[in-house]
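Peer 1: Return a 3D structure for these sequence lines:
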Amino acid sequence: MTKRKGEALIRRVTDGVAVGGISMPVWWPSLERVSEVAAELVPILSAVWLAVQIAGYARKRWMQ
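Peer 2: All right, here's what the predicted structure looks like:
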């Protein structure tokens, strides 16, 4: 990587971090809400997926 490309990369990263830090108060509440919803849905969806897998296995086993 040339010095110019390295400096450009550092500049883009720095700009991205600055924008993220400035806009954090705007997106933080949304992130918290999404996290709360995911915390509620993931166990339910995991249980459903496990039930589907068990049903599929049982069906294959009983058809033999």
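Peer 1: Distance check, Ile22 against Ala8.
Peer 2: 21 Å (C-beta to C-beta, to the nearest Å). C-betas here are computed from N, CA, C, even on glycine.
Peer 1: So for the two, which sits in the more crowded spot?
Peer 2: Ala8 (12 against 9; other C-beta atoms under 10 Å).
Peer 1: Let me know the secondary structure of that one.
Peer 2: helix (DSSP: H, G, I helix; E, B strand; the rest coil).
Peer 1: where does this structure have low pLDDT?
Peer 2: 1 (pLDDT under 70).
Peer 1: all helices of it, in order?
Peer 2: Secondary structure of the chain (DSSP state H): helices located at 3-63.
Peer 1: most distant residue from the middle of it?
Peer 2: In terms of distance from the mean C-alpha position of the chain, Gln64 ranks first, at 39.9 Å (C-alpha atoms, centre = their mean).
Peer 1: dump the residue contacts of it.
Peer 2: Contacts for Gln64 were tallied using C-beta atoms under 8 Å, 6 or more residues apart in numbering; there are none.
Peer 1: quick one: it from Tyr57, how far?
Peer 2: The gap separating Gln64 from Tyr57 is 12 Å, by C-beta to C-beta.
Peer 1: got it, and Val17?
Peer 2: Following C-beta to C-beta, the distance that separates Val17 from Tyr57 is 48 Å.
Peer 1: what number of residues lie near Ala39?
Peer 2: Ala39, neighbours per other C-beta under 10 Å, totals 9.
Peer 1: got it, and Arg61?
Peer 2: By the measure other C-beta under 10 Å, the count of residues near Arg61 is 8.
Peer 1: any idea how far Ala18 is from Val26?
Peer 2: For Val26, the distance to Ala18 - C-beta to C-beta - is 14 Å.
Peer 1: scratch that, Glu32
Peer 2: In this view, Glu32 and Ala18 are 22 Å apart by C-beta to C-beta.
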